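# 3D, please:
(one chain, ligands or ions: 1)
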Amino acid sequence: EEEGYDLWLRYRPLEGPPREKVEARAKAIVVPKNPSLTILAAVAELHRGLSGLVGRAPVLAGEVEEGAVVLATPASMPAIKSLKLPLAGLGAEGYLVRATKLDGHKVTLIAANSDVGLLYGTFAWLRAVRTGANLEKLDEQSAPKVHLRMLNHWDNLDRTVERGYAGESIWDWWTLPEVKDQRYVDYARATASLGINGTVLNNVNARIEIVTAPWIAKVKAVAEVLRPYGIKVYLAVRWSTPVELGDLKTADPLDPKVLAWWKERAEAIYAAIPDFGGFLVKANSEGQPGPQDYERSHADGANMLAKALAPHGGLVLWRAFVYSAHDTEDRHKQAYTEFKALDGKFAKNVIVQVKNGAIDFQPREPFHPLFGAVPKTPLFMEFQITKEYLGFATHLAYLGPMYEEVLQDDTHQGGKGTTVAKVIDGRAHGYKITGVAAVANTGSHRTWCGSHFDQANWYAFGRMAWDPEASSEAIAREWIEQTFSTDPRVVKAILAIMMESREAVVDYMTPLGLHHVMATGHHYGPGPWVSNLKRPEWNPVYYHQADKNGIGFDRTASGSNAASQYAPALAKRFSDPKTTPEKYLLWFHHLPWDYKMPSGRTLWEELIKRYDRGVDAVTGFRARWDKLKDDIDVRRHREVATFLAIQEREAQWWRDASIAYFASVSKRPLPKGTIPPP
Ligand code: GCW
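Predicted coordinates:
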């Protein structure tokens, strides 16, 4: 076995009573007559899973029988109506899994209103089996709280992946459309097992070819593999495509020729892929072309594409990640300024996709001030699963707590309790379309994600997209049980490491609200000293503002006043260092090095304390992981251990380089004993 390839869908043999219990519950499979490809995918997964778990694939039975797993919709098996199942509340994608009796037989019933609901229910049952649920008492129902749960691949057409740390893109464009690699099927299985139902195949820094006929044929082939798994395909498009392909002289969104051109493209795409999802657009951001090149607004641009897609039911996902080379306004403020003014101006099938954090996917950022501030504009959250700023695939950082922290943050818009999760799932403003997206971390590496633990981040994202109020700890637990072990001692040990890991990274990279202090370009390793990049807002010194007097970015009224973009209650809280949560202190304030922290230490001392704490945490992870040597297969144990050794060394590098640099600016002495001699 190539340990790692199976992700969380490992179906290793069960033994003893657990095995007998599963066997008794998986004697046969009953599915709707004339099964769809989606039902066949569910059957294939049950076969694969049970062959692995109990060594025997159950037969397909024509009738309900004792010990069967029964997949049924009210349409396929009207008899289930008499069970009075709460199916109405489950919508088009929800499912119910229940140990019950049908025709006098003990069965496991997986019920839903649609075939994709049955597929999700099948994955849920297999998850229950592997996490040690009581199969005799099983009664689980679940429905997604948001409509669109999407992966965004930053995969280039030459198979490089922007910010990808897991090898080449999984999409082998060269051999498509003929070769439909098994990896696409396995990707679909993993993705569907989490309930993810959309994927953008290519990088937001998009190329023009993607909408031409040869590429549409390739995309169609991928879409055909993903479709049975309930996953719709979307594409990122480049604003200037009609001009760069040589078809038009302009890409002005108000020029009818431009609309006509995109309409024609949309028709070609939908002819090949009838359920195509739509376009994702990065416009007028980091050098990408966009409607502003023609003095038109983001709304003008998005609405033009929306018009081209509307007849086919397609969506435009317009990114709010914009900051301009000509704007001297604090980068934190620019997206809000731009999009707040456009609230209510977007067409019905436009969604604005907002990054996690007003700056850029940092190890910690306060939530983006647009959440809660634009009630007439449906917003999607864009998380980053790939760890561009958190040590790539080598550093262990479980991102579940980061997603949870942001989703649970209270925007205070329209009163207390309006969390980001409530904005996203539509409860706050009644958004008609809701969704969560994330930049994927997948590639051709054996582990898919570049490391064993980064699989947990893909997993956590998917589970939290399904339920933005889910607990990241509960998710980590079920991931460990499926991926490593169900032994409570092992689960506890791994869980503790995971739950502490992101905070450790924050401590050794960006403590107390520091941000964007990474090395230039690749963003791996420290670079707080960098000050010579051509755009000021790319320089770390712009973000930490350290000098001999103090450190931090003043975002209060005496500075950029970005704090004022939050609801009044929060703006007030963020405007005073005494009421600002410590984790955001230097995000919002420029403070003297001798500023007294609640701990009694000076700011300078506290900073050093945090860096040390981060390093110590990683040292602890190593020691704790080593103790699990006999509990985990040799290969995975060794691979994780090797990465932890790298992480420990690099945490020290981060700390030492950062402290040395800040000491040179602050002229403060290095506290005795904090940095061991080399
Ligand atoms: O985080 C930054 C990355 C870029 C990325 C950009 C974006 C795709 O450094 O690599 O480009 O954000 O999100 O558009």
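# How much space separates the residue lying farthest from the centre of the chain from residue 478?
Most distant from the centre of the chain: residue 104, at 44.2 Å, with distances by C-alpha atoms, centre = their mean. Using C-beta to C-beta, to the nearest Å, one gets 33 Å for the distance from residue 104 to residue 478. (Each C-beta comes from the backbone N, C-alpha and C, glycine too.)
# residue boundaries of the helices in the stretch 351-500 of the chain?
For the stretch 351-500 of the chain, applying DSSP state H, counting those that start in this stretch gives helices covering 400-408, 420-424, 455-466, 472-483, 488-509.
# Same list, those helices, but as a markdown table with distance to residue 556, mean neighbour count and mean pLDDT please.
Output for the helices of the stretch 351-500 of the chain, formatted as a markdown table (distance: least, C-beta to C-beta, whole Å; neighbours: other C-beta atoms under 10 Å; pLDDT from 0 to 100):
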| stretch | distance to residue 556 | mean neighbour count | mean pLDDT |
| --- | --- | --- | --- |
| helix 400-408 | 22 | 22 | 98 |
| helix 420-424 | 22 | 25 | 98 |
| helix 455-466 | 32 | 26 | 98 |
| helix 472-483 | 31 | 21 | 98 |
| helix 488-509 | 22 | 21 | 98 |
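# Not counting its neighbours along the chain, what's nearest the one residue in the stretch 551-678 of the chain that gets nearest to the ligand?
Closest approach between the stretch 551-678 of the chain and the ligand, counting by C-beta to the nearest ligand atom: residue 587, at 17.4 Å. In this structure, residue 587 finds its nearest non-sequential neighbour in residue 513, 3.6 Å apart by C-beta to C-beta, 6 or more residues apart in numbering.
# Touching, that neighbour and residue 588? I think so.
Yes. Contact criterion C-beta atoms under 8 Å: residue 513 and residue 588 qualify, at 7.0 Å.
# Now list whatever residues contact both of these two.
Counting by C-beta atoms under 8 Å, 6 or more residues apart in numbering, the shared contacts of residue 513 and residue 588 are residue 552.
# what's the domain layout of the chain?
Annotated domains of the chain cover 16-142, 148-482, 509-553+590-666 [automatic domain parsing].
# Quickly compare these and say which is most buried.
Highest mean neighbour count of the domains of the chain: domain 148-482, a mean of 21 (counted as mean count of other C-beta atoms under 10 Å).
# For the helix or strand harbouring residue 44, which helices and strands make contact with it?
Using DSSP states H and E, residue 44 sits within helix 37-54. Where contact means 3 or more C-beta pairs under 8 Å, 6 or more residues apart in numbering; DSSP states H and E, helix 37-54 is packed against helix 16-24, strand 68-72, helix 115-130, helix 182-193.
# nearest to the ligand, of these?
That would be helix 182-193 among the helices and strands packed on helix 37-54, by C-beta to the nearest ligand atom, at 20.6 Å.
# Check the burial of the closest residue to residue 633 other than its chain neighbours by counting its neighbours.
Nearest non-adjacent residue to residue 633, counting by C-beta to C-beta, 6+ apart: residue 3, 5.7 Å away. Around residue 3 there are 16 other residues, counting by other C-beta atoms under 10 Å.
# How about the one 3 residues further on?
The local packing count at residue 6 equals 21, with neighbours defined by other C-beta under 10 Å.
# Now do the same for it: helix, strand or coil?
coil (DSSP: H, G, I helix; E, B strand; the rest coil).
# Surely residue 507 touches residue 610?
Yes. Taking contacts as C-beta under 8 Å, residue 507 lies within contact range of residue 610: 4.9 Å.
# can you list the residues of this structure near the ligand?
154, 162-163, 204-205, 282, 286, 321, 360-361, 388 (C-beta under 6 Å from any ligand atom).
# 8 Å - rerun?
154, 162-163, 203-205, 282, 285-286, 288, 319, 321, 355, 360-361, 382, 384, 388-389, 439, 523 (C-beta under 8 Å from any ligand atom).
# Need the pLDDT of residue 327.
On pLDDT, residue 327 comes in at 80.
# re the thing from before, among the residues of the chain next to the ligand, which are in strands?
Using DSSP state E, the members of those that fall in strands are 319, 355, 382, 384, 439.
# now those in JSON lines, with pLDDT?
Formatted as JSON lines, those follow (pLDDT from 0 to 100):
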{"residue": "319", "pLDDT": "98"}
{"residue": "355", "pLDDT": "98"}
{"residue": "382", "pLDDT": "98"}
{"residue": "384", "pLDDT": "98"}
{"residue": "439", "pLDDT": "99"}
